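> Below is the sequence, then the predicted model.
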Amino acid sequence: MIKIALPKGRIAKESLALFEQLYEGGFVFDDRRLILERDDFTFMLVRSQDVPTYVVHQAADVGIVGLDVIEEQQVNVVRLLNLGIGKCKVVVGSPVGKSLDYQKPQLKIATKMPHITRKYFANKAVSIESLKLYGSIELAPLVGLSDAIVDIVETGSTMAQNNLKIDEVIMESNAYLVANKNSFYGKKEQILSLYEQLKKCIKATQ
Ligand code: PRP
């Protein structure tokens, strides 16, 4: 039995679509149910940001998670396969018509990714105050809460519709199949078979 944590939210659709290819005849969680049992797998539906926690604590043997989330949480998981889905960028953004003023003694940056943010600006030797938000990040510089944001851009429409521009790209991200270290050794055969199956699916859709 392998336990798999699948992400809700942005990459949910594409992740579930991958498993739909493996399971002809549909792969759907019942209404509000969070667990789905199929053959030798137990699938669980969790918030994307929570996938690493389930995998690190071995409540899930494997999971699907964005590189941005792995980078933010600095988690120790085995990165097995780049799934080529959930493509996005982590960027620094600020209002159109204003440039980021690096002369300021301290820049205020709103973000839901404080670790990536601090690391990025520390490497540039720029002093910042990071303001942790949980969503609607794009609002912060529009109402004077921050000078800029560090956030995820996928289509770019949220930033565009809020009159923000990309100043700098911090990293490119997409979703990976990851595994718990102990599970990877203990259930190697099953996990590698899942890896092979997913790899075939990805190739078929490319
Ligand atoms: C992300 C991000 C932006 C939006 C960007 O939020 O914080 O708000 O997506 O997407 P776009 O470039 O296609 O407009 P997400 O949808 O992941 O929601 P969350 O706040 O629940 O994490």
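That came in fine, so what should we check first? Residues are numbered from 1 along each chain as shown.

> could you say what helices and strands the strand ranked longest in the chain packs with?
Residue-count comparison of every strand in the chain, with assignments taken from DSSP state E, identifies strand 164-173 as the longest. In this structure, strand 164-173 makes packing contacts with helix 67-73, strand 88-95, helix 114-123, strand 148-153, judged by 3 or more CB pairs under 8 Å, 6 or more residues apart in numbering; DSSP states H and E. All C-beta atoms are positioned from the backbone trio N, CA, C, and that covers glycine.

> in its sheet, what does the helix or strand just after that strand sit against?
Sequence-wise, the next helix or strand downstream of strand 164-173 (DSSP states H and E) is strand 175-179. Sheet pairing here is set by DSSP bridges, and for strand 175-179 it gives strand 62-66 (antiparallel), strand 78-82 (antiparallel).

> Name the residues of the helix or strand following strand 175-179 that are buried.
Scanning forward in sequence from strand 175-179, with DSSP H and E defining helices and strands, the next element found is helix 181-186. Taking 16 or more other CB atoms under 10 Å as the neighbour-count basis, helix 181-186 is seen to contain the buried residues 183-184.

> and the residue nearest the centre of the chain, what does it touch?
The chain has residue 66 as the residue nearest its centroid, 3.0 Å off, counting by CA atoms, centre = their mean. For residue 66, the contacting residues are 7, 10-11, 48, 86, 88, 173-176, taking CB atoms under 8 Å, 6 or more residues apart in numbering as the criterion.

> for those, which one is nearest residue 142?
Distance to residue 142, by CB to CB, is smallest for residue 88 among these, at 21.4 Å.

> pretty sure that closest one is in contact with residue 174, am I right?
Yes - with contacts counted by CB atoms under 8 Å, residue 88 reaches residue 174, the gap being 7.3 Å.

> Those two: which has the busier surroundings?
Summary of the neighbour comparison: residue 88 and residue 174, criterion other CB atoms under 10 Å, with residue 88 having more neighbours (21 against 16).

> For that one, which non-adjacent residue is spatially closest?
Closest residue in space to residue 88, ignoring its immediate chain neighbours: residue 154 at 4.4 Å, by CB to CB, 6 or more residues apart in numbering.

> and if you look at residue 165?
Using CB to CB, 6+ apart and skipping the chain neighbours, the partner closest in space to residue 165 is residue 96 (5.0 Å).

> Could you tell me how many residues sit around that neighbour?
11.

> same thing with residue 78?
The number of residues packed near residue 78 is 17, by other CB under 10 Å.

> where's the lowest-mean-pLDDT helix or strand in the chain relative to the chain centroid, distance-wise?
Using mean pLDDT, DSSP states H and E, the weakest-scoring helix or strand in the chain turns out to be helix 12-22, at a mean of 85. Offset of helix 12-22 from its chain centre (CA atoms, centre = their mean, to the nearest Å): 16 Å.
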